[in-house]
Each structure stands twice: as C-alpha cells, then as structure tokens.
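1. missing the sequence, but the structure's below:
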C-alpha cells in the first residue's frame with residue numbers, strides 16, 4: 001500500500017478517537033508508523049505481548065487503542081490475545097502487516113503468511129483486508145466494532161520484498 005494511504009489511515013483513525021497506537025515496527029506498515037511517530041502518538045514496544053498489555057491497560061481506562069504488528073508477531077501473541085483480550089472482551093483494533101502474502105517472499109515469512117487467514121478464523125477474530133480503495137470503509141467497520149466492545153483486525157498486505 002502506498003505511503004499516502006497508510007498516512008491517511010493513521011490520520012483517519014486518530015480523527016475518529018483512536019487515542020493510542022502501540023506496537024512493534026514492521027516495514028509493511030512503515031508509513032502508518034512514521035505518521036504516528038511524527039505526531040508523537042505512537043508507543044513502540046519491544047514485543048507484541050507488551051504492546052497488547054499496554055493497550056489493554058489504556059482500553060480499561062476508556063482510552064481506545066490500536067496495536068500494530070507484523071503477522072509473525074501476531075502468531076507470537078496468540079496467548080495474550082486469547083487469554084487476555086478475548087477472555088475479558090477488551091475492544092482493541094489490531095493492525096497487522098501480512099508478510100508471506102507474496103509467493104516469493106523470504107522463506108521465514110512463507111509459513112505464517114500462508115496460515116494467517118486460518119489463524120484469524122480459528123481465533124474467531126473478525127478482520128478486513130485494507131487496500132487503496134476500501135481503506136476508509138475498513139476503518140469505519142473497525143471503529144464500529146470497538147464502539148460495540150468487539151476486538152477486530154485490519155490487515156495490510158505486504159506487496160514488496162526488502
């Protein structure tokens with residue numbers, strides 16, 4: 001996704017009362033993160049579980065949160081998602097960079113990339129894949145979910161190799 005759309009996504013979510021953006025950097029969503037850092041609205045965590053813990057604390061104080069990460073980090077954080085976020089029904093938006101989407105991605109991304117949709121389905125975590133045409137509708141959908149006290153995920157495909 002081009003830089004301008006990732007920046008629009010960040011601005012749109014911020015304008016629509018997402019107050020906290022916490023996560024582990026990923027080059028798939030680097031322009032989203034860059035925009036947040038420029039606006040001093042991003043908290044960088046060292047691990048995805050740490051980001052989730054911070055977001056949960058903020059959400060419990062009625063401050064809406066988004067957690068960003070790559071899909072390998074999403075896989076690493078399954079226990080925190082199931083035993084904390086889902087168990088206690090904490091409304092958080094996950095923004096996940098989908099590595100391994102391309103057929104010729106780096107070998108370490110292929111397995112998780114292939115099973116990413118199955119992981120989301122197994123967790124019963126509703127998600128939408130964002131692109132340059134549907135990003136606003138996807139963001140509106142996610143904002144409605146957390147207003148209804150539901151967790152959800154927005155996915156951005158990695159369409160480049162680095």
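-> Happy to help now that I have it. It should be emphasised that the depicted structure is a prediction, and the values quoted were computed from it without experimental measurement.

2. so who does the residue positioned nearest the centre of the chain touch?
-> Note on the chain: the residue nearest the mean C-alpha position is residue 95, at 1.2 Å, using Cα atoms, centre = their mean. Shown in contact with residue 95 (Cβ atoms under 8 Å, 6 or more residues apart in numbering): 23, 29, 32, 66-69, 153-154, 156. C-beta coordinates here come from the backbone N, C-alpha and C atoms, glycine included.

3. spatially nearest residue to it, not counting backbone neighbours?
-> residue 68 (4.3 Å; Cβ to Cβ, 6 or more residues apart in numbering).

4. and the one you found, which of the three is it?
-> strand (DSSP: H, G, I helix; E, B strand; the rest coil).

5. so where's this protein shaky on pLDDT?
-> For the chain, the stretches flagged by pLDDT under 70 are 107, 160-162.

6. for stretch 78-95, how far is the first residue from the last?
-> Distance between the boundary residues of stretch 78-95 (Cα to Cα, to the nearest Å) amounts to 15 Å.

7. mind listing what's buried in stretch 41-51?
-> 41-43, 45, 48-51 (16 or more other Cβ atoms under 10 Å).

8. and the two most separated of those?
-> The most widely separated members of these, counting by Cβ to Cβ, are 41 and 49 (21.3 Å).

9. how much space separates residue 19 from residue 12?
-> To residue 12, residue 19 is 14 Å away according to Cβ to Cβ, to the nearest Å.

10. residue 121 now?
-> Applying Cβ to Cβ, the value for residue 121 to residue 12 is 27 Å.

11. contact partners for residue 101?
-> Neighbours of residue 101 in contact, by Cβ under 8 Å, 6+ apart: 113, 116, 157-159.

12. can you tell me the closest non-neighbouring residue to it?
-> residue 157 (4.6 Å).

13. counting neighbours, what do you get for that neighbour?
-> Applying other Cβ atoms under 10 Å, we find 18 other residues in the vicinity of residue 157.

14. might one say that it is in contact with residue 128?
-> No: between residue 157 and residue 128 there is no contact under Cβ atoms under 8 Å: 11.9 Å.

15. parallel or antiparallel, list what pairs with the strand or helix carrying the residue nearest to the centre of the chain.
-> With elements taken from DSSP states H and E, the one containing residue 95 is strand 92-98. Partners of strand 92-98 in the sheet, by DSSP bridges, are strand 65-70 (parallel), strand 152-157 (parallel).
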